[in-house]
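**Student:** Show me the folded form of this:
(one chain, ligands or ions: 1)
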Amino acid sequence: MDRVLIESLEVETVIGVYDWERTIRQRLTLDLELATDIRPAAADDDLALTLDYAAISQRIAHFADEHAFSLVETFAERLAQALLAEFPIPWLRLTLRKPGAVPAAAAVGVRIERGTLPEAP
Ligand SMILES: Nc1nc2c(c(=O)[nH]1)N=C([C@H](O)[C@@H](O)CO)CN2
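**Tutor:** Residues are numbered from 1 along each chain as shown. As a prediction, the model looks like this:
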């Protein structure tokens, strides 16, 4: 199935298991693949018939603002559930990176897939 993409989206949030991490905001970067059939939107050239990547990006920034989780796992899981509930997304792949968490690594993080990928027509 087709995908709408959001790549290298940067957000700031309170996240981490250590005491010092509860007092600062840290940057997370997100890549998302959002399954959708883009043909209706392309046929009518109509944003209302597809997934609005700008609106979804704004929602993710707001989600980061309003939560303060310990684990990147919790952030990813809860965000995925929110997006599936609030937008007509049947399936998504979410990669969440926490740059700088492990100095010897470019980034650490998680990748999850949630929802049901529809059969190709
Ligand atoms: N699997 C995980 N491991 C670790 C996490 C995490 O969220 N998931 N978090 C930390 C600390 O918060 C770390 O990022 C601080 O440098 C350690 N391991």
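**Student:** ok but Arg78 is inside a helix, no?
**Tutor:** Yes. Arg78: assigned to a helix according to DSSP: H, G, I helix; E, B strand; the rest coil.
**Student:** my guess is it contacts His67, does it?
**Tutor:** Yes. Taking contacts as C-beta atoms under 8 Å, Arg78 lies within contact range of His67: 7.1 Å. For the C-beta atoms, the positions are set from N, CA and C on the backbone; glycine is no exception.
**Student:** Neighbours of Leu47, how many?
**Tutor:** 12 (other C-beta atoms under 10 Å).
**Student:** Grab the nearest non-local neighbour of Pro121.
**Tutor:** Once flanking residues are discounted, Pro121 sits nearest to Asp37: 7.9 Å by C-beta to C-beta, 6 or more residues apart in numbering.
**Student:** The one you found contacts Asp2, correct?
**Tutor:** Yes. Counting by C-beta under 8 Å, Asp37 does reach Asp2; the two are 5.8 Å apart.
**Student:** Report the set of residues contacting both of those two.
**Tutor:** A shared contact of Asp37 and Asp2, defined by C-beta atoms under 8 Å, 6 or more residues apart in numbering, is any residue touching both; here there are none.
**Student:** So which bits of this structure are right by the ligand?
**Tutor:** Counting by C-beta under 6 Å from any ligand atom, the positions of the chain adjacent to the ligand are 16-18, 21, 71-73, 98, 101.
**Student:** quick one, helices of the chain?
**Tutor:** 39-44, 53-66, 72-86 (DSSP state H).
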